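Q: sequence and predicted structure, then a few things I'm wondering about:
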Amino acid sequence: MKQLFTHDHDSDDDRGQVGIGTLIVFIAMVLVAAIAAGVLVNTAGFLQATAEDAGQESVDKVTNRVEVVNQHGTVGSNDKIANITLTVRLAAGSSAVDMDSTSIKYLSSDEVTTLTNSSNSNDYPAGNATTFNLTAVEGTDEDDSFGVLNSGADRYEVTINASAIESDANGLSTGDRVQLDITSQSGGTTQVILTMPQQLAGQEAGEPVKL
């Protein structure tokens, strides 16, 4: 009787080798996928942190700034405005603003300069060509944090010496226009545009006038 079936040992060996090769490839694919997933997770975390930081900086630029409550000028000689005084407070929703780290860009038809806080210097009680002066409105700085607006009740007066800045040492003339950009450390900016009053004749030196 003839043998109808034969057992092929070579074929079994081949199938075993193919199975091990497939397993190795599968493990390699899993490892590559795990590494790729780790990289993606790390990248996503980095991007999220960067986006959060950028978002916070954008919010700070909008909210962390001062608000100008009112303003007036002080008459100097020759019927000109010698000084400009602004009363400032925290803008709504703003965090604390350090006036020592705040700058004011002064722009008129003849002059442009950036002013920093003179810290209430006795040498320049109204500021000079490169500084502004800061004083606390009496009764508003209850926690004695002078220089830092950290409460909605805080009020500071910012005085700018226009007569020291302008080429005309007497200050600003009737009809002159001044733009002030007040920028906090975080980049929040408040812009104020002032026009000198039309009627200064007859005003005495040192007299305040509304701007």
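A: Happy to help now that I have it.

Q: ok, the spatially most central residue of the chain to residue 201 distance?
A: With distances taken as C-alpha atoms, centre = their mean, the residue of the chain nearest its centroid is residue 187 (1.7 Å). To residue 201, residue 187 is 42 Å away according to C-beta to C-beta, to the nearest Å. In short, each C-beta sits where N, CA and C put it, glycine included.

Q: equivalent analysis for residue 127, please.
A: Going from residue 127 to residue 201 by C-beta to C-beta gives 26 Å.

Q: and these two? which has more neighbours close in?
A: Using other C-beta atoms under 10 Å, the more surrounded residue of residue 127 and residue 201 is residue 127, with 26 against 7.

Q: show me which helix or strand of the protein is least confident by mean pLDDT.
A: Lowest on mean pLDDT, DSSP states H and E among the helices and strands of the chain sits helix 9-63, with a mean of 69.

Q: check which element follows it along the chain.
A: Moving toward the C-terminus from helix 9-63, the next helix or strand (DSSP states H and E) is strand 66-75.

Q: what's the angle from the helix or strand that comes right after that following strand to strand 66-75?
A: Counting by DSSP H and E, the next helix or strand C-terminal to strand 66-75 is strand 81-90. With axes from the mean of the first three to the mean of the last three C-alpha atoms, to 10 degrees applied, the angle from strand 81-90 to strand 66-75 works out at 160 degrees.

Q: packing partners of strand 81-90?
A: Helices and strands touching strand 81-90, by 3 or more C-beta pairs under 8 Å, 6 or more residues apart in numbering; DSSP states H and E, are strand 66-75, strand 148-149, strand 156-161, helix 162-165, strand 177-183.

Q: Throw the ones you listed into CSV and include mean pLDDT and mean neighbour count, thanks.
A: Formatted as CSV, the helices and strands packed on strand 81-90 follow (pLDDT from 0 to 100; neighbours: other C-beta atoms under 10 Å):
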stretch, mean pLDDT, mean neighbour count
strand 66-75, 95, 18
strand 148-149, 92, 22
strand 156-161, 95, 22
helix 162-165, 95, 22
strand 177-183, 97, 18
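
Q: nearest to residue 205, out of the ones you listed?
A: Residue 205 lies closest to strand 66-75 among those, at 5.7 Å (C-beta to C-beta).

Q: partners of the closest one in the sheet?
A: Using DSSP bridges, the strands paired with strand 66-75 are strand 81-90 (antiparallel), strand 208-210 (antiparallel).

Q: worst mean pLDDT among those strands?
A: For the strands paired with strand 66-75, mean pLDDT drops lowest on strand 208-210, to a mean of 91.

Q: for that strand, the distance to its chain's centre please.
A: Offset of strand 208-210 from its chain centre (C-alpha atoms, centre = their mean, to the nearest Å): 31 Å.

Q: how's the protein carved up into domains?
A: The chain breaks down by automatic domain parsing into domains covering 9-63, 65-210.

Q: for residue 195, see how far away residue 175 is.
A: Relative to residue 195, and taking C-beta to C-beta, residue 175 is found at 7 Å.

Q: that should have said residue 69, apologies.
A: From residue 69 across to residue 195, the span is 18 Å (C-beta to C-beta).

Q: please apply the same query to residue 34.
A: As defined by C-beta to C-beta, residue 34 lies at a distance of 68 Å from residue 195.
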